[in-house]
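S.K.: Structure here, sequence nowhere to be found:
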């Protein structure tokens, strides 16, 4: 979990996929089928991540209002600027950076030297279809990626196969993953296991303790740009946005919509 300096790498990077209200709330637009047991499992994974000071890559499903088919029968969820797009509060870290999409590959590779959480949007099931996320994850010096979130048969499967194809080591926390169809989700687990992914339970993950013997001071800059040292840990304040923010869709009669940003903060 140490940023590469003098040949060192991160021991573990946690990947949090689409833990958003439209999927994780019974009143959301498209709640997963295993919701009752999912939220406590997600909280336990987040607690483990914080306890071990592991860096986190998060994805946000992000759709535009005009993508809704004209027939009105198809489902659209996680629309930009809506409450349903917001992340669960427990999955939003105090020290975070949001990398917006702007059709370029420009993304700071050393973001984990300043923030514990890096958030990317995605328009499809595959996080790696976002060129910035692809570059960041491909070049990230990590011994292991621990993946959880929504949904097991779609985004979790797509990212896992993509990381494996890039010769990364991947572990899926299966009971901290949401799904809409159990049989399809079970098939997805068998497929990624056959490709080399490890599959563990939340309890098995919690039994692990990351090796922190190599901690060293990391220079941190807070939101005001003031430098400091965190004694090898992430300092829990400050956030930043890289790239061009996506505007919220207009409300009725073309008026600005009072939604929320992707970090779960109202505006």
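M.R.: Good, I have the coordinates. Remember, predicted model here, so these are calculated numbers, not experimental data. Numbering: from 1, shown residues only.
S.K.: neighbours around residue 141, how many?
M.R.: 15 (other C-beta atoms under 10 Å). (Glycine included, C-beta is placed from N, CA and C.)
S.K.: In this structure it contacts residue 11, no?
M.R.: No. Judged on C-beta atoms under 8 Å, residue 141 makes no contact with residue 11 at a distance of 10.4 Å.
S.K.: Run through who's touching stretch 123-141.
M.R.: 3-4, 8-10, 13, 17, 57, 59, 62-63, 99, 101, 103-107, 109, 111-112, 118, 120-122, 145, 154-155, 158-159, 162-163, 166, 168, 243 (C-beta atoms under 8 Å, 6 or more residues apart in numbering).
S.K.: Return the subset of those lying in strands.
M.R.: Secondary-structure check on the contacts of stretch 123-141 using DSSP state E: residues within strands are 13, 17, 57, 59, 99, 118, 120, 121, 122, 145.
S.K.: Next one, pLDDT for the fifth one please.
M.R.: It refers to residue 99. If you check residue 99, the pLDDT there is 87.
S.K.: Please apply the same query to the fourth one.
M.R.: For residue 59, the pLDDT comes out at 92.
S.K.: so it touches residue 20, yeah?
M.R.: No. At 9.3 Å, residue 59 and residue 20 do not qualify as touching, with contact defined as C-beta under 8 Å.
S.K.: Who has more neighbours out of the two?
M.R.: residue 20 (29 against 25).
S.K.: residues in contact with that one?
M.R.: Contacts of residue 20 by C-beta under 8 Å, 6+ apart are 28, 60, 61, 78, 84, 85, 86, 87, 88, 150.
S.K.: Would you mind measuring from it to residue 85?
M.R.: Residue 20 sits 6 Å away from residue 85, going by C-beta to C-beta, to the nearest Å.
S.K.: Give me the common contacts of those two.
M.R.: 60, 61, 78.
S.K.: Write down the beta-bridge partners of the second one, one by one.
M.R.: When you say that, I think you mean residue 61. residue 122 (DSSP bridges).
S.K.: List the contacts of it.
M.R.: Per C-beta under 8 Å, 6+ apart, neighbours of residue 61: 18, 20, 22, 23, 77, 78, 85, 122, 155.
S.K.: what do you get if the cut-off is 7 Å, keeping everything else the same?
M.R.: 18, 20, 78, 122 (C-beta atoms under 7 Å, 6 or more residues apart in numbering).
S.K.: May I see those arranged in TSV, with pLDDT and distance to residue 129 as well?
M.R.: Output for these, formatted as TSV (pLDDT from 0 to 100; distance: C-beta to C-beta, whole Å):
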residue	pLDDT	distance to residue 129
18	92	14
20	91	18
78	80	15
122	88	7
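S.K.: And the residue nearest the centre of this protein?
M.R.: residue 58 (1.5 Å; C-alpha atoms, centre = their mean).
S.K.: Show me where the stretch 101-250 of the chain has its helices.
M.R.: Ranges of helices in the stretch 101-250 of the chain, per DSSP state H, counting those that start in this stretch, are 131-139, 157-165, 182-194, 202-206.
S.K.: can you count the residues close to the closest residue to residue 187 other than its chain neighbours?
M.R.: Leaving aside its sequence neighbours, residue 187 sits nearest to residue 153 (C-beta to C-beta, 6 or more residues apart in numbering; 7.5 Å). Close neighbours of residue 153, defined as other C-beta under 10 Å, add up to 23.
S.K.: can you tell me how far residue 153 sits from residue 50?
M.R.: Taking C-beta to C-beta, one finds residue 153 at 28 Å from residue 50.
S.K.: do the same with residue 77
M.R.: 28 Å.
S.K.: same question, residue 117
M.R.: 11 Å.
S.K.: Compare these two (neighbour count), which wins?
M.R.: residue 117 (24 against 16).
S.K.: So in terms of bridging, what pairs with that one?
M.R.: With DSSP bridges as the rule, residue 117 is bridged to residue 56, residue 96.
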